[in-house]
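A.B. asks: Have a look; sequence and predicted model below, questions after that.
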Amino acid sequence: MQQQPQRVSGRAVGAVMFIAALAVTVAWIVIRMFVTTQPVEDAPDAAAASASAPAMAPRAITTPFDHVVVLSIDGLRADAVEDAVRRGRPGFAALLKGPHTLEARTDPDITVTLPNHTGMVTGRLFKGPQGHNWLPNDLPPTIAEGGTLHAAHGSYVPSMWDVAHDHGLLTGMIASKDKFILYDNSYREEQGAPDAIAPDHGRAKLDIVELAFRGEGVERKAEAALDRAAIDGRRSLWFLHFADTDLAGHGTTWDMTPGSAYLACVDRMDALVDRLVRHIEGSPSLRGRTAIVMTADHGGGAPPLSHTVAESPLNFRIPFVVWTGDGAAADLYDLSPMRARPAASERMTATGGSPIRNADAGNCALWLLGLPSIPTSTVGAEQDLLAGWSRPAR
Ligand SMILES: [Zn+2]
């Protein structure tokens, strides 16, 4: 097709922009009208969820952990974990001495960073009336411009931090991309829900928010935070995020050939995991009281320099590991009989059974702490992961 020379007067541009703005406004009003016709209160949702759930006695953990670390390694493919273990790297090998699977799944509809991390901390998928609906994947707008999870969803979206904080635990996030400010924006004093459980710990659900742009900094801060919690006699829930593997993949592709920049970065992350595990094991006040839930927001490599194709196993296949320090490796699907194990390259859409997903991280972490699931959450809300596991007596 022949290109027409573009000569548009300023007035014409202005008129087009005005019409576009009008269209966006109208669309926004229509969406708002639709959203407000949905059930927006938390209580009816929760009641409906528990009414439709099969009668199942809540299965409490015998000895809850005092500290749980949810660790997300951005862009970490499951086969990269497998490869590191095969090459004798110590960190992931230590994590895999616990219930785990290398056939976990991302959100079925989207394989980018913020929507998948939002799934981890809220126990919801992206799409639908019960979804968290957070789509943007860059620095969120300000709170006043709608930059909270609640504004995007149309009503309050509780998180794993809400539950832990309302039960009196210390909560924190140490992340390595500045767009994670979304969670600080969503759960600060003015935006967090009132404390649902007496005594009142205030509305800010995140006690500690820190950024460090390399995994090394995140890991160092995490060691200090865990030590501080132990010294202060506080139980705690942490969310840690290493961005490095994602940045390496975007820079040079998710190259799985020996010696690639991506695999070198995987080894660096392995060393950080090793340090974190050694720190916990080496501390009398953390050892035996601390668990790690490790997963990833997505893999990568489709397209080669990114991970945007939600239908590609390169992107949707991720690890999900529960490290308890007990040293007993086990298949997490074997221990979670309510879950459907996907075939190696099977995506599993939202209607195709429930695989173990990264969005299970929040409710799994709460279960390990002996706490109930996130109100109105839909992924792992019955806390059925590890149903066939019992913690060895210490
Ligand atoms: Zn990325």
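C.D. replies: Looks like it arrived, so ask away.

A.B. asks: The protein: helices as residue ranges?
C.D. replies: 10-37, 42-52, 78-86, 90-95, 113-122, 149-153, 160-166, 181-186, 215-231, 244-252, 261-281, 313-316, 361-368 (DSSP state H).

A.B. asks: mind checking which of these is nearest G288?
C.D. replies: For the helices of the chain, distance to G288 was read as CB to CB. The smallest value, 9.1 Å, belongs to helix 261-281. (C-beta placed from N, C-alpha, C; glycine too.)

A.B. asks: now for the closest one, which elements pack on it?
C.D. replies: strand 67-73, helix 78-86, helix 90-95, helix 215-231, helix 244-252, strand 290-295 (3 or more CB pairs under 8 Å, 6 or more residues apart in numbering; DSSP states H and E).

A.B. asks: could you check the angle strand 67-73 makes with it?
C.D. replies: Orientation check (axes from the mean of the first three to the mean of the last three CA atoms, to 10 degrees): helix 261-281 against strand 67-73 gives 170 degrees.

A.B. asks: buried set for helix 261-281?
C.D. replies: In terms of neighbour count (16 or more other CB atoms under 10 Å), helix 261-281 has its buried residues at 262-263, 265-277, 279-280.

A.B. asks: again, but for stretch 122-130
C.D. replies: Neighbour-count burial for stretch 122-130, counted by 16+ other CB under 10 Å, picks out T122, G123, R124, L125, F126, K127, Q130.

A.B. asks: so which of those comes closest to G370?
C.D. replies: G123 (16.9 Å).

A.B. asks: Thought N358 was touching that closest one, still the case?
C.D. replies: No - look at G123 against N358 with CB atoms under 8 Å: they stay out of range, at 10.7 Å.

A.B. asks: returning to that earlier point: need the least confident one among the helices of the chain, by mean pLDDT.
C.D. replies: Mean pLDDT per stretch puts helix 42-52 lowest among the helices of the chain, at a mean of 37.

A.B. asks: give the contact list for P194.
C.D. replies: D200, R203 (CB atoms under 8 Å, 6 or more residues apart in numbering).

A.B. asks: The one 5 residues further on now?
C.D. replies: When contacts are counted by CB under 8 Å, 6+ apart, P199 touches G168.

A.B. asks: what does C364 give?
C.D. replies: Going by CB under 8 Å, 6+ apart, C364 touches V293, V322, G380, Q383, L385, L386.

A.B. asks: With L96 instead?
C.D. replies: L96 makes contact with V81, V85, V321, A329, according to CB under 8 Å, 6+ apart.

A.B. asks: Measure how buried the nearest residue to the second one once chain neighbours are set aside is and give me the count.
C.D. replies: Put plainly, it is V85. The shortest distance from V85 to any residue other than its chain neighbours is 4.9 Å, reached at A93 (CB to CB, 6 or more residues apart in numbering). Under the neighbour criterion other CB atoms under 10 Å, A93 is assigned a count of 19.

A.B. asks: Hmm, D83 and A93 touching each other?
C.D. replies: No - counting by CB under 8 Å, A93 stays clear of D83, with 11.6 Å between them.

A.B. asks: Roughly how far does the closest residue to S72 other than its chain neighbours sit from H201?
C.D. replies: In space, and not counting its chain neighbours, S72 is closest to H241: 5.1 Å by CB to CB, 6+ apart. Per CB to CB, to the nearest Å, H241 is found 24 Å from H201.

A.B. asks: what does G146 give?
C.D. replies: Computed as CB to CB, the G146 to H201 distance reads 27 Å.

A.B. asks: and the two? which has more neighbours close in?
C.D. replies: Taking neighbours as other CB under 10 Å, G146 and H201 compare with H201 leading, 16 against 12.

A.B. asks: which residues touch the more buried one?
C.D. replies: H201 neighbours (CB under 8 Å, 6+ apart): H165, D166, G168, D195.

A.B. asks: Check D184 too.
C.D. replies: Neighbours of D184 in contact, by CB under 8 Å, 6+ apart: M173, L206, V209.

A.B. asks: can we see that at 10 Å?
C.D. replies: P140, I143, T148, M173, A175, Q191, A204, K205, L206, V209, L211 (CB atoms under 10 Å, 6 or more residues apart in numbering).

A.B. asks: Please report how far the residue nearest the centre of the chain lies from H298.
C.D. replies: Geometric centre of the chain, nearest residue: M120, 2.5 Å, by CA atoms, centre = their mean. Look at M120 and H298: by CB to CB, they are 12 Å apart.

A.B. asks: what sits in contact with each of those two?
C.D. replies: Listed as contacting both M120 and H298 by CB under 10 Å, 6+ apart are D107, N358.

A.B. asks: ok, back up a step: neighbour count and pLDDT for the contacts of C364 - can I get that in a markdown table?
C.D. replies: Formatted as a markdown table, the contacts of C364 follow (neighbours: other CB atoms under 10 Å; pLDDT from 0 to 100):
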| residue | neighbour count | pLDDT |
| --- | --- | --- |
| V293 | 27 | 98 |
| V322 | 27 | 98 |
| G380 | 26 | 96 |
| Q383 | 22 | 95 |
| L385 | 25 | 95 |
| L386 | 20 | 94 |
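
A.B. asks: Filter these down to just the ones in strands.
C.D. replies: Those of those mapping onto strands are V293, V322, per DSSP state E.

A.B. asks: ok, the contacts of C364 vs I181, which is closest?
C.D. replies: Distances from I181 to the contacts of C364, taken by CB to CB, are shortest for V293, at 22.7 Å.
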